[in-house]
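[1] my questions concern the predicted model and sequence given below.
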Amino acid sequence: MIRLPAAGLVVLLAAAVVLGGWYRVRFHAWPWPSSLPDRVTYCQRDYNESGTAVTLAEAGVREKGAVRQVGHTGVGGLGQALFAHPLSEQARAWAHPPLPCAMMVYLRTSEGLYAPYVLSGGP
């Protein structure tokens, strides 16, 4: 009778390890809210972590315009909201190849703080 609960515990532990590994590979972060990803993807481009967290007002000053929510990374409550000052389609389209949607994105880390991520590679 003791073997059945022990086997169930082993199966649950193995499932947690597999799902945690999948989450780490897929979203570049561990599946708990305090874990920030090494990089995020927005508008089919990768952005790498680049510094200490700032307020939304400070992000707006850096971007010379309003920073707004443009997406979400991760799964459900385990992920974070993604913010940017995206370029308009007209501004993106005039260059060849087209410019990226944004040069920086910000990931909400806690109430009032946003971690900056810079575009990986060139336009």
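    Yes, it's here.

[2] from here on, just use CA atoms for contacts and neighbour counts.
    Noted.

[3] now the helices: where do they sit in the protein?
    3-27, 56-63, 89-93 (DSSP state H).

[4] which of these sits most buried?
    Per-stretch averages of neighbours, counted by mean count of other CA atoms under 10 Å, single out helix 56-63 among these, with a mean of 16.

[5] could you dump the helices of the chain to CSV with distance to P100?
    Output for the helices of the chain, formatted as CSV (distance: least, CA to CA, whole Å):
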stretch, distance to P100
helix 3-27, 21
helix 56-63, 14
helix 89-93, 7
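
[6] distance to V70 and mean pLDDT for those - can I get that in TSV?
    Shown next, in TSV, are those (distance: least, CA to CA, whole Å; pLDDT from 0 to 100):
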stretch	distance to V70	mean pLDDT
helix 3-27	17	75
helix 56-63	14	92
helix 89-93	14	76
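
[7] closest to G79 out of the ones you listed?
    Of all those, helix 3-27 sits nearest to G79, with 8.9 Å by CA to CA.

[8] hang on, the earlier thing: the helices of the chain: which one's closest to A115?
    Nearest of these to A115, taken as CA to CA: helix 56-63 at 9.5 Å.

[9] ignoring the adjacent residues along the chain, who's closest to T52?
    A115 (6.2 Å; CA to CA, 6 or more residues apart in numbering).

[10] my bad, H85
    In space, H85 is closest to V67, 4.6 Å off (CA to CA, 6+ apart).

[11] touching, that neighbour and V61? I think so.
    No: counting by CA atoms under 8 Å, V61 is not a contact partner of V67; they are 9.2 Å apart.

[12] relative to R92, how far out is the residue nearest to H85?
    Between V67 and R92 the computed distance is 17 Å (CA to CA, to the nearest Å).

[13] cool, Y114 as well?
    Distance, Y114 to R92, using CA to CA: 25 Å.

[14] one more: V54?
    26 Å.

[15] same question for D38.
    Applying CA to CA to D38 and R92 gives a distance of 26 Å.

[16] same deal with A15?
    Using CA to CA, A15 is found at 44 Å from R92.

[17] ok, G71 next?
    19 Å.

[18] this completes my enquiry, with thanks.
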